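*Asks:* any chance you could fold what I've pasted below:
(chains A, B, C and D)
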Number of protein chains: 2
Amino acid sequence: MDENKSIRIKDIAEMAGVSVATVDRVLHQRGKISKESLEKVMKAMKQTNYKLNLIASTLGTNKLYKIAVLLPDPKDDDFWRQSNSGIIKAKENWVQYNIRMESFYFNMNDKSSFMNAEKQALAFSPDGMLIAPVMHREANILFNILKEKKIPYIFFNTNIIEAEPISFIGQDLYQSGRVGAEFLMTRLFPRKNIAILHIWEDVQNGVHLKEKERGFRDYITEKKNKYFNIHSYNLKICGEKELNREITTIIKRDNIDGIFVSTSKGSSLTASVLGKIGRKDIVLIGYDMLKENIIYMKEGLINCLINQNPEKQAFLGVSYLSNFLLFKKRPPVTDLFPLEIVTKENIDSFLNASIH
Amino acid sequence: MDENKSIRIKDIAEMAGVSVATVDRVLHQRGKISKESLEKVMKAMKQTNYKLNLIASTLGTNKLYKIAVLLPDPKDDDFWRQSNSGIIKAKENWVQYNIRMESFYFNMNDKSSFMNAEKQALAFSPDGMLIAPVMHREANILFNILKEKKIPYIFFNTNIIEAEPISFIGQDLYQSGRVGAEFLMTRLFPRKNIAILHIWEDVQNGVHLKEKERGFRDYITEKKNKYFNIHSYNLKICGEKELNREITTIIKRDNIDGIFVSTSKGSSLTASVLGKIGRKDIVLIGYDMLKENIIYMKEGLINCLINQNPEKQAFLGVSYLSNFLLFKKRPPVTDLFPLEIVTKENIDSFLNASIH
DNA sequence: TTGAAAGCGCTAACAA
DNA sequence: TTGTTAGCGCTTTCAA
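*Replies:* I've put the predicted structure just below:
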């Protein structure tokens, strides 16, 4: 046996004394096969350690798969713009494998826009879906339809375990809170007044932010129980002026020394307030390398960002789905990304790094 | 034109009024083509935004490519074990594309073992090579041979710019020194005595470590000029006892408060000394998530590791080479990885993350 | 339950 | 300089 040449279905067929069609049938467990044929083929495959040639397989199949992506409008927010950029890269990456993609956007403040996107996505009759289920209260109907139709779906960014996606791609929120606390504590000490800010469009769907707070508080308690004063606040993004006023009030009233913001957009909003009131001394830690956050970090207003890698999350989601559709390769049930600590000194290295 | 169906060479050929072979020729710029044919084909490709089907292309080519990998023996060192694990994963990943790989190991303390590995790699008659050129003084002959034979080669971990590899995958050493300094400074202040340790098998080939030191010193100078006392030392790994003694002496004599170690193995060696002399108070920052380093970090003896991602570097090196061989896709001339800051709180998230 | 054969899109040897 | 054609390994239809 030539070590270098791979064994083909044809080789197996010859060894087993059957036709290639029969081998194909046992390979994919379709059609009816006699016991004898099955055994002979299995034996030959075992012996030769046969591996299906996926390249030839996809070419032979020549089927077109469609993937629908459901996420908040990238125009609304730089975070979702980055996710969407991952989607676009993935799209280019997978056309050649006969995978077609279509994105459906919704507005997080508007339930009807979500319902509409949902409807449109289904009308696209996708073979798989990638979803950022940030409005999960509204999405249950969708998941049921998908389950019924046996359309596989993957979540990214936010998970809804009960909905049982075939995979979730995101981060360990609790642990990310701990990472934030570790960073903040070492910079803050011996100062002691901390604010946790949850700044979010849709407070009722923002329960997952509490996980970050839990991690944050646990870490502090473990290390320096009762030394720090921690206050947390839920702030809704509506008027920017009002938000600014609220943040300013909190900082002054509680005599704040350090701030942990649980959302990416909130990070830049808070940084802008710190800039306005001239408080670079306050240690600020937030999430994600949004354009504005990058600027504030370089200005020294944001000290640390925990990178959730929205672009990579989305890109990987498409890869997982494509591999599942094309090659029946099951993705991990949960893929939690590394908790990347971004500071002034390494931020450029993250910006330069591309998706691999 | 059916939006869903991809355009094929055949379609282009029909549009341009030529044969598929002619289209193939302009696609790969081989053979002779008349100006008219060229223009017609180009026009048709532009119009339809034609994309080569790589699946069909690899299948059609049906050529076997061989990649030789040259790196230090993974048995010697957990760092190279991780690189090697990336190689193994890559190997499994690319067999299906008719890429065969063979690794050739050498001992960093032994020039003749390097020469031998070199010779064996060439005897394998590879179509491409992936090299960790850590013994570059000995490798120049090899690079010349490869250039002459027009065998493309990629470096990882260490770069030798003069050797002009088609790509280098690694990290910005200077900037990684700055990241180390940033971390150390915030933890150390108001203490002030810092040691930089270069602990390396082969001092004469360890010039690149000085880059890390330069970054480290620059940062400190910019932020707090003259406040900190920094001493640096080159220590050769030979007898462990002697090394331990040397490190202990330095710590005591210079009254050290914080240590920056420029190598991964050096990090664990230093941590073990700190453990032995009971000095958890000393802030230690090093490189890479070697097994031992992970343990020391969890014990609190190492405060921070800068992750060079050896596994991913190697894996990506193979991907770049494979894409180049199969699809003529040129990799970036340099791919510098993010400078990942690993601490006790996020180390598990890095350990769980797989290669994507 | 099985096999023959055409076809997927591209490559490359060969002939013209 | 160009075109014809037989593959590459697998899938799938159709007939037996």
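
*Asks:* can I get stretch A:26-46 in PDB, CA atoms only?
*Replies:* C-alpha atoms of stretch A:26-46 as PDB (Å, rounded to 0.1, in the frame of the first residue of the first chain):
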ATOM      1  CA  VAL A  26     -22.700   2.300   4.400                       C
ATOM      2  CA  LEU A  27     -20.700   5.400   4.700                       C
ATOM      3  CA  HIS A  28     -23.800   7.500   5.100                       C
ATOM      4  CA  GLN A  29     -26.100   4.900   6.400                       C
ATOM      5  CA  ARG A  30     -28.700   5.500   3.700                       C
ATOM      6  CA  GLY A  31     -30.600   3.000   1.600                       C
ATOM      7  CA  LYS A  32     -30.800  -0.700   2.400                       C
ATOM      8  CA  ILE A  33     -27.700  -2.900   2.600                       C
ATOM      9  CA  SER A  34     -27.400  -6.600   3.200                       C
ATOM     10  CA  LYS A  35     -25.700  -7.700   6.300                       C
ATOM     11  CA  GLU A  36     -22.900  -9.400   4.400                       C
ATOM     12  CA  SER A  37     -22.100  -6.300   2.300                       C
ATOM     13  CA  LEU A  38     -22.100  -4.200   5.400                       C
ATOM     14  CA  GLU A  39     -19.700  -6.400   7.200                       C
ATOM     15  CA  LYS A  40     -17.300  -6.700   4.300                       C
ATOM     16  CA  VAL A  41     -17.300  -3.000   3.800                       C
ATOM     17  CA  MET A  42     -16.900  -2.200   7.500                       C
ATOM     18  CA  LYS A  43     -14.000  -4.600   7.700                       C
ATOM     19  CA  ALA A  44     -12.200  -3.000   4.800                       C
ATOM     20  CA  MET A  45     -12.700   0.400   6.200                       C
ATOM     21  CA  LYS A  46     -11.300  -0.600   9.600                       C
END
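
*Asks:* and DNA strand D, is that stretch touching that?
*Replies:* Yes - remark: stretch A:26-46 sits within contact range of DNA strand D at A:27, A:28, by Cβ under 7 Å from any atom of the strand. Quick note: C-beta positions are derived from backbone N, CA and C, even for glycine.

*Asks:* check which residues of that stretch are buried.
*Replies:* For stretch A:26-46, a neighbour-count test (16 or more other Cβ atoms under 10 Å in any protein chain shown) marks A:26, A:27, A:33, A:37, A:38, A:40, A:41, A:44, A:45 as buried.

*Asks:* now stretch A:274-293
*Replies:* A:274, A:279, A:282-290, A:292-293.

*Asks:* which of those residues fall within helices?
*Replies:* A:274, A:292, A:293 (DSSP state H).

*Asks:* got a markdown table for those residues, with distance to DNA strand D too?
*Replies:* Listed next are these as a markdown table, based on distance: Cβ to the nearest atom of the strand, whole Å:
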| residue | distance to DNA strand D |
| --- | --- |
| A:274 | 59 |
| A:292 | 49 |
| A:293 | 47 |
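
*Asks:* which residues in the stretch 1-150 of chain A form strands?
*Replies:* Using DSSP state E, counting those that start in this stretch, the strands assigned to the stretch 1-150 of chain A run over residues A:65-72, A:99-106, A:128-131.

*Asks:* the first one: partners in the sheet, and parallel or antiparallel?
*Replies:* Strand pairing for strand A:65-72, determined by DSSP bridges: strand A:99-106 (parallel), strand A:128-131 (parallel).

*Asks:* returning to what we had before: out of the buried residues of stretch A:26-46, which is nearest to chain B?
*Replies:* Checking the buried residues of stretch A:26-46 against chain B with Cβ to the nearest Cβ, the nearest one is residue A:27 at 14.8 Å.

*Asks:* from residue B:264, how far out is the closest one?
*Replies:* According to Cβ to Cβ, to the nearest Å, residue A:27 and residue B:264 sit 44 Å apart.

*Asks:* any idea how many residues pack against residue A:116?
*Replies:* Per other Cβ atoms under 10 Å in any protein chain shown, the neighbour tally for residue A:116 reads 15.

*Asks:* which non-adjacent residue is nearest residue A:339?
*Replies:* residue B:346 (4.0 Å; Cβ to Cβ, 6 or more residues apart in numbering or on different chains).

*Asks:* contacting residues for that neighbour?
*Replies:* Residue B:346 is in contact with A:175, A:179, A:338, A:339, A:340, A:341, counting by Cβ atoms under 8 Å, 6 or more residues apart in numbering or on different chains.

*Asks:* how about 7 Å then?
*Replies:* A:179, A:338, A:339, A:341 (Cβ atoms under 7 Å, 6 or more residues apart in numbering or on different chains).

*Asks:* for the closest residue to DNA strand D within chain A, report the pLDDT, please.
*Replies:* Residue of chain A nearest DNA strand D, by Cβ to the nearest atom of the strand: residue A:60 (2.7 Å). Looking at residue A:60, its pLDDT is 91.

*Asks:* now it: how far from residue A:53?
*Replies:* From residue A:60 to residue A:53 the distance is 9 Å (Cβ to Cβ).

*Asks:* mind checking which of those two has more residues around it?
*Replies:* residue A:53 (19 against 11).

*Asks:* so can I have TSV of the strands paired with strand A:65-72 showing mean pLDDT, distance to DNA strand C and mean neighbour count?
*Replies:* Listed next are these as TSV, based on pLDDT from 0 to 100; distance: least, Cβ to the nearest atom of the strand, whole Å; neighbours: other Cβ atoms under 10 Å in any protein chain shown:
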stretch	mean pLDDT	distance to DNA strand C	mean neighbour count
strand A:99-106	95	14	20
strand A:128-131	97	21	26
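
*Asks:* and those strands as a markdown table, adding distance to residue A:334?
*Replies:* As requested, the strands paired with strand A:65-72 are arranged in a markdown table below (distance: least, Cβ to Cβ, whole Å):
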| stretch | distance to residue A:334 |
| --- | --- |
| strand A:99-106 | 23 |
| strand A:128-131 | 15 |
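
*Asks:* would you agree residue A:238 falls within a helix?
*Replies:* No - counting by DSSP: H, G, I helix; E, B strand; the rest coil, residue A:238 is not found in a helix; it is coil.

*Asks:* how many neighbours does residue A:49 have?
*Replies:* 7.

*Asks:* any idea of the pLDDT on it?
*Replies:* Value for residue A:49, per-residue pLDDT: 87.

*Asks:* nearest to residue B:217, out of the strands of the stretch 1-150 of chain A?
*Replies:* Of all the strands of the stretch 1-150 of chain A, it is strand A:65-72 that lies closest to residue B:217, at 45.4 Å by Cβ to Cβ.

*Asks:* now the helices: where do they sit in the stretch 1-150 of chain A?
*Replies:* A:9-16, A:20-28, A:35-48, A:54-61, A:78-94, A:111-123, A:136-149 (DSSP state H, counting those that start in this stretch).

*Asks:* let me know the average pLDDT across the fifth one.
*Replies:* Helix A:78-94 shows a mean pLDDT of 93.

*Asks:* ok, and what's touching that helix?
*Replies:* So helix A:78-94 is in contact with A:69, A:71-74, A:101, A:103, A:132, A:264-265, A:288, A:290-292, A:310-315, A:318-319, A:322, A:355, going by Cβ under 7 Å, 6+ apart.
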